[in-house]
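Sequence and predicted structure are below.
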Amino acid sequence: MNKDYTKTVHACFMSYIVQAIINNFVPLLFLTFQSEYAISLSRITMLVTFNFGVQLIVDLLSAGIVDRVGYRASMITAHILSAIGLVSLTILPGLFSEAWIGLFAAVVIYAAGGGLLEVLVSPIVEACPTDNKEKAMSMLHSFYCWGHVGVVLVSTIFFSIAGLKNWRLLALFWALIPIVNMFLFFKVPIAPLVNEEEGLSLKGLIRKRIFWVFMLLMVCAGASEQAVSQWASAFAEKGLGVSKAIGDLAGPMLFATMMGISRALYGKYGEKVNLKKMMIASGILCIGSYFLISLSPYPALGLLGCGLCGLSVGIMWPGSFSMASASIRGGGTAMFAFLALAGDLGCSGGPTLVGVVSGFFGNNLKIGILGAVLFPVILVLTLLYFYRAARKTEDFMKNNQEQMNCDI
């Protein structure tokens with residue numbers, strides 16, 4: 001790869017670390033917000049809903065805007081919004097009589113930046129001139145996991161040294177990362193994407209039945225991942241009866257590490273396995289991990305379930321992207337935007353369902369997570385349908401070819 005484009009890829013890696021900060025820093029503070037601002041668990045759940053809900057709206061709007069505005073300007077805007085949102089967490093709650101209004105406002109700001117990043121980063125890396133795009137894409141998605149690990153590890157160390165009361169200082173520290181990365185995108189080259197005349201129109205894209213199959217897969221992938229990830233810290237603290245520090249390390253960090261390992265292994269050995277079969281196996285493992293988390297009477301097994309869940313969901317999001325890119329040629333920005341939209345819909349719906357079900361059963365997170373097993377079940381069923389349909393098509397083409405050979 002050209003040295004300058006290597007810098008572009010590295011800046012995109014850093015962008016996914018920004019995305020990890022946006023999605024995973026505030027969940028570490030759920031119980032802190034509950035005590036400091038006297039916010040109910042249901043309202044704290046709405047922070048997750050607003051985060052991914054705003055990202056969803058931005059994904060939808062981006063499909064028609066990014067190509068006109070340009071990728072460079074859009075990436076710079078995404079980082080500015082991310083930084084402002086993180087800084088606003090420290091300021092806005094104190095400006096309102098109801099602190100949760102300020103929290104929601106801050107979440108909306110950084111979620112807008114996160115939504116843009118979700119749409120922009122993957123196609124920028126895809127467009128970079130390299131012979132091994134799958135490896136680059138796998139590495140890209142793994143950096144979200146390593147960013148998640150870094151957020152949890154650094155935050156845990158900070159809270160242990162400075163105390164939870166100084167969480168605002170940490171929020172300002174995390175805001176520095178999108179600011180630094182923003183300046184990189186002023187300089188790095190951005191390769192042109194698929195020309196409009198070569199790609200599918202939005203109308204042509206949504207008319208494809210296979211496109212909606214991938215949309216459903218992305219919803220389930222996002223929900224399966226975030227239903228456990230967003231509640232892992234609170235689950236470990238409250239459901240398993242461990243301290244804040246142990247909860248953050250044993251819950252979110254274990255989850256993110258296992259997810260990163262899964263994506264790294266796929267990036268290295270993915271060409272040797274059937275992606276559809278691997279995703280089906282991952283979905284089945286995910287279902288088992290949900291049952292282990294929610295039904296096990298032993299804390300150690302519950303934590304093991306969190307780790308297995310991270311391992312199982314690692315391939316779902318990048319795998320769905322890879323299958324869609326291979327199956328829908330010329331999808332362009334619109335396809336990436338709508339797939340990101342579907343993924344964020346799942347990221348919003350999964351944790352929200354956990355929170356709602358938990359609240360209905362007296363804030364029992366185990367029952368809430370058990371209710372969210374619906375998403376990996378749907379994912380497995382959809383993949384089985386897709387796999388069987390693909391096999392039928394292959395058999396049909398093979399039989400036709402054999403018949404043609406016989407006729408000849």
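Noted; the coordinates are in hand.

So what's the residue count around the closest residue to residue 50 other than its chain neighbours?
Of all residues not flanking residue 50 in the chain, residue 107 sits nearest, at 5.0 Å (CB to CB, 6 or more residues apart in numbering). Every C-beta, even on glycine, is put in place using the N, C-alpha and C of the backbone. Residue 107 has 26 neighbours, counted by other CB atoms under 10 Å.

do the same with residue 370
19.

Check residue 357 too.
17.

Might you report the residue contacts of it?
Counting by CB atoms under 8 Å, 6 or more residues apart in numbering, residue 357 makes contact with 367, 368, 370, 371, 372.

My guess is the residue nearest to residue 50 contacts residue 27. True?
No - distance between residue 107 and residue 27: 11.3 Å, which falls outside the contact criterion (CB atoms under 8 Å).

if I look at residue 271, how far off is residue 278?
Using CB to CB, to the nearest Å, residue 271 is found at 12 Å from residue 278.

got the contact list for the host helix or strand of residue 181?
Element membership for residue 181, per DSSP states H and E: helix 167-184. Residues from elsewhere that reach helix 167-184, judged by CB under 8 Å, 6+ apart: 7, 11, 14-15, 17-18, 21, 25, 29, 32, 76, 79-80, 82-83, 86-87, 89-90, 113, 151, 154-155, 158-159, 162.

can you check stretch 41-55 too?
Contacts for stretch 41-55 (CB under 8 Å, 6+ apart): 22-23, 26-27, 30, 33-34, 100, 103-104, 107-108, 110-112, 114-115, 118, 222, 226, 230, 340, 344-345, 347-348, 351-352, 354-356, 358-359, 363.

Tell me which of residue 271 and residue 278 has more neighbours.
residue 278 (16 against 11).

ok, so what distance separates that one from residue 262?
10 Å.

next one: residue 107
Distance from residue 107 to residue 262, by CB to CB: 28 Å.

same question, residue 280
Taken as CB to CB, the span from residue 280 to residue 262 is 15 Å.

Mind checking which of those two has more residues around it?
Legend: neighbour count by other CB under 10 Å for residue 280 and residue 262, higher for residue 262 (23 against 19).

Name the residues that touch stretch 63-76?
Contacts for stretch 63-76 (CB under 8 Å, 6+ apart): 15, 62, 116-117, 119-120, 123-124, 182, 185-186, 190, 193, 196, 202, 333-334, 337-338, 341.

end-to-end on it?
End-to-end distance of stretch 63-76 (CA to CA, to the nearest Å): 17 Å.

Distance from the chain centre to it, please.
21 Å (CA atoms, centre = their mean, to the nearest Å).

again with stretch 322-333
Distance, centroid of stretch 322-333 to centroid of chain: 19 Å (CA atoms, centre = their mean).

Can you measure across that stretch, start residue to end residue?
15 Å.

Okay, buried residues for that stretch please.
322, 323, 324, 325, 328, 330, 331, 332, 333 (16 or more other CB atoms under 10 Å).

Just the ones in helices from those, please.
Among these, DSSP state H puts 322, 323, 324, 325, 332, 333 in helices.

mind checking pLDDT for the last one?
We have a pLDDT of 71 for residue 333.

Would you agree it is in contact with residue 123?
Yes - if you go by CB under 8 Å, residue 333 and residue 123 touch, sitting 6.1 Å apart.

quick one on the thing from earlier: average model confidence for the one helix or strand the residue nearest to residue 50 maps to?
Using DSSP H and E, the element containing residue 107 is helix 99-127. Averaging pLDDT along helix 99-127 gives 88.

Tell me the spacing between residue 46 and residue 100.
8 Å.

nope, residue 112 is what I meant
19 Å.

Residue 324 now?
37 Å.

Repeat that for residue 64.
If you go by CB to CB, the gap between residue 64 and residue 100 works out to 33 Å.

the more surrounded of those two?
residue 100 (18 against 12).

And for residue 70, the neighbour number?
11.

Got the phi and psi for it?
phi 110, psi 150 (degrees, to the nearest 10).

hang on, the earlier thing: quick one, the helix holding residue 181 and helix 99-127 angle?
30 degrees (axes from the mean of the first three to the mean of the last three CA atoms, to 10 degrees).

Who are the contact partners of the residue nearest to residue 50?
Contacts of residue 107 by CB under 8 Å, 6+ apart are 26, 47, 50, 51, 54, 85.

Which ones among those lie within strands?
Assignment to strands by DSSP state E places none of the contacts of residue 107 there.

so which pair among these is furthest apart in space?
Taking CB to CB as the measure, the contacts of residue 107 span a maximum distance of 13.2 Å, between 26 and 54.

Name the SS class of the most centrally placed residue in the chain, please.
Nearest to the geometric centre of the chain sits residue 222, at 6.0 Å (CA atoms, centre = their mean). Here residue 222 is recorded as helix under DSSP: H, G, I helix; E, B strand; the rest coil.

Distance of the residue nearest to it when sequence neighbours are not counted relative to residue 176?
Leaving aside its sequence neighbours, residue 222 sits nearest to residue 346 (CB to CB, 6+ apart; 2.9 Å). For residue 346, the distance to residue 176 equals 30 Å [CB to CB].

out of the two, which sits in the busier spot?
Neighbours per residue, other CB under 10 Å: of residue 346 and residue 176, the larger number sits with residue 346, 29 against 12.
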